[in-house]
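# Need a 3D model of the following:
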Amino acid sequence: MKRLSVLLLAVLILCSCGKKTEKPPLASGGPQFEITQKDGTTMPSFVYTGDNLAIAAICDWFSEEAERHAGYGDVWIPSFVILKEADRYGEHLVFGNFWSGGYRLEDETMVQGGGGEMPACFHLKKTEKGYTVVSVEQAGDGEYYAKSIKEFTKGYIGLYEKFMTHHDNEQAEIEFMRMYAEHNGLDIKYIKHYGWEPVPLY
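The predicted structure follows:
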C-alpha cells in the first residue's frame, strides 16, 4: 500500500508540472505520453506503429532521448535509415544510421529544434512479444569513426561502403513523420529545418 501511494504521488507531480502526463504503455513502439510545447500546445509523443518489431524495440531504447526532448517541449521523432538486418549467433542485428530529432508544431509545420545521427549496429534478442536490445555498437568519433564502422560491419560485403556513402535521411524523416501524423490524426503538412525551405510531407 505504501508503494502504491508513492506511485500515485509521482503521477500527480508529473501532471501538475505540465510537462508530461504518463499513459499506459502500448504493446510496442514505446510508452505514450503528452508533451507541452513552449506555446502551451499539447502534443502526443511518438509511438512506432509499423510491423517491424525490431524497430519497435529500438524506439524503446531511445525512450530517454524522447524524454529529454520532451523536457524542452519538443516531440522526439526518429528517422532511422536501416541499411541491413541479419541474424547471427542467436541475435538479430540491425545496422543503420539512427537519425532522430526534436520537433515542435507551428501551424501545419513540424520544425526541428535539434537532432543528430548515430551510425550503429543494434544487437537484439527475441522475446515473447518481439525483441529487446542487448547491446549497441556505435561509430566512434574523429579518427575512430570509419575504423569502428569497419569493425562492426566485418563479414557483411558492401555494408561498410553503404555506411560511408549514405548520408541522406530525408525520406526516412518523411515516412516516420507521416506515421506520427496519421497515428495521432494531426494535420501536419511540412517539415522544416533551420535555414532550409519546408519539405512537404505528402
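# Show the contacting residues for residue 68.
For residue 68, the contacting residues are residue 76, by C-beta atoms under 8 Å, 6 or more residues apart in numbering. Any C-beta I mention is one placed from the backbone N, CA and C, and that applies to glycine too.
# rerun at 10 Å
Residues in contact with residue 68 (C-beta atoms under 10 Å, 6 or more residues apart in numbering) are 62, 74, 76, 102, 114.
# Confirm that it lies within a strand, as I assumed.
No - looking at residue 68 with DSSP: H, G, I helix; E, B strand; the rest coil, it is helix, so not inside a strand.
# Give the closest residue to residue 133 in space, chain neighbours not counted.
residue 61 (4.5 Å; C-beta to C-beta, 6 or more residues apart in numbering).
# Got phi/psi on the one you found?
Note on residue 61: backbone dihedrals following degrees, to the nearest 10 are phi -60, psi -30.
# cool, residue 159 as well?
Per degrees, to the nearest 10, the backbone of residue 159 is at phi -70, psi -40.
# Next one: the closest residue to it other than its chain neighbours from residue 147, what distance?
Once flanking residues are discounted, residue 159 sits nearest to residue 153: 4.2 Å by C-beta to C-beta, 6+ apart. Plainly put, residue 153 is 11 Å away from residue 147 if you go by C-beta to C-beta, to the nearest Å.
# Next: residue 164.
In terms of C-beta to C-beta, residue 164 sits 12 Å off from residue 147.
# So for the two, which sits in the more crowded spot?
residue 164 (14 against 11; other C-beta atoms under 10 Å).
# give me every residue that touches the more buried one.
119, 145-146, 149-150, 153.
# Now which of those would you call buried?
For the contacts of residue 164, a burial check counting by 16 or more other C-beta atoms under 10 Å picks out 119, 149, 153.
# Where strands are concerned, which of those residues count?
Judged by DSSP state E, strands contain the following of the buried ones among the contacts of residue 164: residue 119.
# for residue 160, what are its contacts?
By C-beta under 10 Å, 6+ apart, the contact list for residue 160 reads 95, 146, 149-154.
# Okay, buried residues for the strand or helix carrying residue 171 please.
Assessed by DSSP states H and E, residue 171 sits inside helix 170-184. By neighbour count with 16+ other C-beta under 10 Å, helix 170-184 contains the buried residues 172-174, 176-177, 179-181, 184.
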